[in-house]
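Chemist: got a predicted structure here, sequence first:
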Amino acid sequence: MSTHRLRNWDVAQDRVWSEKQHSRSVPITSRPGSGRKRHGLAGVARYGIVPYTLPMSAAEFSKITIRQPVPLKAKVERAAALRGMTVTSFINGALERVADRTLARVREREMTERDSMALLEMLRDPAPPNDALRTAADRYRKRFGDAGRGS
Amino acid sequence: MAPELRFEAFDRDRHDRGSFDCGVGPLNDYLKARLGQPSRKDVTRGDVLATPEGRIAGYFTLSAGRLMISVTPEGHGFPPRLPLPTTLIGRLAVDATFRGRGLGEALLIHAMRLAVETSKIVASALLEVDAKDEPVRAFYTRYGFSSLPDDPNHMYLPMDAAARAIAPPQP
């Protein structure tokens, strides 16, 4: 495992990253709140459309420190380099997309088309209870009867 | 000891939450800390199987769920985006000292019975359970629950099947 210190917006890491890209562990550290002030709009100009929600002021940045398997880190670095993005902005973009999708699913569990069809099929022609369920219901009746119903 | 166990609506004041241990930390903690809190009383309902002294042998929770069917093929007679009401068995656990007496099965049947009775007043198409690991999946699979191709963590049983299982045997 290696440790990747991740800042939500860090242009300065380009330099750190290129200096150390052959090492196995790349702690990318930079004081929060420094990026916007020092670089102004340079980051936006460099990256074009920033693929995640960009905070409006430096005070809105925070850090996450994560451990990741070395091969994953190398893969992420390659992918970010191909996009011409810093590792941090690449990871943030990916995190935001996945988080949005997860939140949307949880708010109202929307099913895939395949699952929707399977579920409708299950409801259109419901299978009768199987033997285990019938037996379990019989045992319940013998054991608890109608008095099983709680107050 | 088993014959004197009774199903009762969970009551924080009467039932002994502290001694419950099913071997799964989150399920113990949920019973001890969260179930029956005033702020949750209209969110999730809990039922217990308990001794007359209030010792909890097992518990489950029920709440209403909603599934959003996203694409509907022709011929099913449903509109294209259909919210489907479900009854969610959120948690079901048996205390370790009460294992091996078929109480998990009894809790499931009792949950079904409450769900089926409720669905006669407030419609519900399916029983739904969270099945996050293999033993849990195996338990529900045995009684006819099945998961869908893209989501192995939830399992379903049509309310129709539950109602037919619960119905008193025909003479």
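Modeler: Great, that's in hand.
Chemist: could you use CA atoms for every contact and neighbour count after this?
Modeler: Will do.
Chemist: okay, and the beta partners of the most centrally placed residue in chain B?
Modeler: By C-alpha atoms, centre = their mean, the mean C-alpha position of chain B lies nearest to residue B:89, the distance being 2.7 Å. Beta-bridge pairing for residue B:89 (DSSP bridges): residue B:62, residue B:129.
Chemist: what sits against it?
Modeler: With C-alpha atoms under 8 Å, 6 or more residues apart in numbering or on different chains as the criterion, the residues that contact residue B:89 are B:60-63, B:111, B:127-130.
Chemist: tell me how far it lies from chain A.
Modeler: Relative to chain A, residue B:89 is positioned 16 Å away (C-alpha to the nearest C-alpha, to the nearest Å).
Chemist: against chain A, how distant is residue B:29?
Modeler: 23 Å.
Chemist: chain center to the strand or helix carrying that residue: distance?
Modeler: In the assignment (DSSP states H and E), residue B:29 maps to helix B:25-29. Relative to its chain's centre, helix B:25-29 lies at 16 Å (C-alpha atoms, centre = their mean, to the nearest Å).
Chemist: and it, what's buried?
Modeler: B:27-28 (16 or more other C-alpha atoms under 10 Å in any protein chain shown).
Chemist: let me see the mean pLDDT of the following helix or strand past that helix.
Modeler: As assigned by DSSP H and E, the chain's next helix or strand after helix B:25-29 is strand B:45-50. Summarised as a single mean, pLDDT over strand B:45-50 is 92.
Chemist: and stretch A:82-101 with chain B, contact?
Modeler: No. Legend: contact between stretch A:82-101 and chain B by C-alpha under 8 Å from any C-alpha of the partner chain is lacking; minimum distance shown is 14.9 Å.
Chemist: min pLDDT across the contacts of residue B:89, which one?
Modeler: Comparing the contacts of residue B:89 by pLDDT, residue B:130 comes last, at 88.
Chemist: was I right about that residue contacting residue B:153?
Modeler: Yes. Between residue B:130 and residue B:153 there is a contact at 5.9 Å, judged by C-alpha atoms under 8 Å.
Chemist: of those two, who's got more company?
Modeler: Neighbours per residue (other C-alpha atoms under 10 Å in any protein chain shown) separate residue B:130 from residue B:153, with residue B:130 holding more: 19 against 15.
Chemist: apart from its neighbours in sequence, what residue is nearest that one?
Modeler: Once flanking residues are discounted, residue B:130 sits nearest to residue B:154: 4.8 Å by C-alpha to C-alpha, 6 or more residues apart in numbering or on different chains.
Chemist: write out the residues of chain B neighbouring chain A.
Modeler: Looking at chain A, the residues of chain B close enough under C-alpha under 8 Å from any C-alpha are B:3, B:6-9, B:66-73, B:76, B:105-106, B:109-110, B:125, B:142-144, B:148-151, B:158, B:160-162, B:164-166.
Chemist: among those, which are in helices?
Modeler: Counted as lying in helices by DSSP state H, out of the residues of chain B next to chain A, are B:105-106, B:109-110, B:142, B:160-162, B:164-166.
Chemist: from those residues, which would you call buried?
Modeler: In those, the ones that pass as buried (16+ other C-alpha under 10 Å) are B:105-106, B:109-110, B:160-162, B:164-166.
Chemist: neighbours of residue A:124, how many?
Modeler: Neighbours of residue A:124 using other C-alpha under 10 Å come to 12.
Chemist: where does chain A dip in pLDDT?
Modeler: Within chain A, the stretches with pLDDT under 70 are A:1-59, A:103-110, A:146-151.
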